[in-house]
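Undergrad: Please work out how this folds:
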Amino acid sequence: MNIVVEKTDAGWVRFSGLEVRTMEIEVSTCTITYGDGRVEVDQPCPPYKVQHQLSPMRVKQLVDQGLWTQDSLSPYGLKLATEFAVPEGKRTVGAESFVEENGAVSQVFEVEDIPIPDPEPELTVDQKIDRMLGAYGVTREQMLAMIQAGLTTDAA
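TA: Down below sits the predicted model:
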């Protein structure tokens, strides 16, 4: 699973939501069109800011489809975060957070041990019979009545 994150004053957070966001990037290339019709593309020029409208859902789709990579996200101040791997025998608690180490962002959670369930108590024979009959929707009294009816029929 790809997790796109953005840096805020509070740190790294998931880049998500339904609303379209205005994101600003700085570019230092331009296209020059001359009066005689010549066109020079990607020519160096003084840096200037350009605003783009980005939908977090669409960005996620582009990343998931492999059409956008970290290189596509970087100009917008976005990064791909590494998904948290829950250790064996643990479960996550609380909300996700993100940390940056050596330029890479990782998703983190607090974890706790998964409690070991109490063993089921040993059932008595009567409890085992009641459980078995309950699986068929039959009570002990109904079963005994059927047995009694069968014995009476056999004796006749």
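
Undergrad: Give the partner strands of the strand ranked longest in the chain in its sheet and their orientations.
TA: The longest strand of the chain (DSSP state E) is strand 39-54. Note on strand 39-54: by DSSP bridges, its sheet partners are strand 21-33 (antiparallel).

Undergrad: what's next to the partner strand, contact-wise?
TA: Here strand 21-33 makes contact (C-beta atoms under 8 Å, 6 or more residues apart in numbering) with 39-56, 75-77. No exception for glycine: its C-beta is placed from N, CA and C like everyone else's.

Undergrad: can you give me the mean pLDDT across the one helix or strand Q148 maps to?
TA: Taking DSSP states H and E as the definition, Q148 sits inside helix 140-155. Across helix 140-155, pLDDT averages out at 78.

Undergrad: same question, stretch 104-121
TA: 91.

Undergrad: what's the answer for stretch 78-93, then?
TA: Average pLDDT, stretch 78-93: 94.

Undergrad: where does it sit relative to the chain's centre, distance-wise?
TA: 10 Å (C-alpha atoms, centre = their mean, to the nearest Å).
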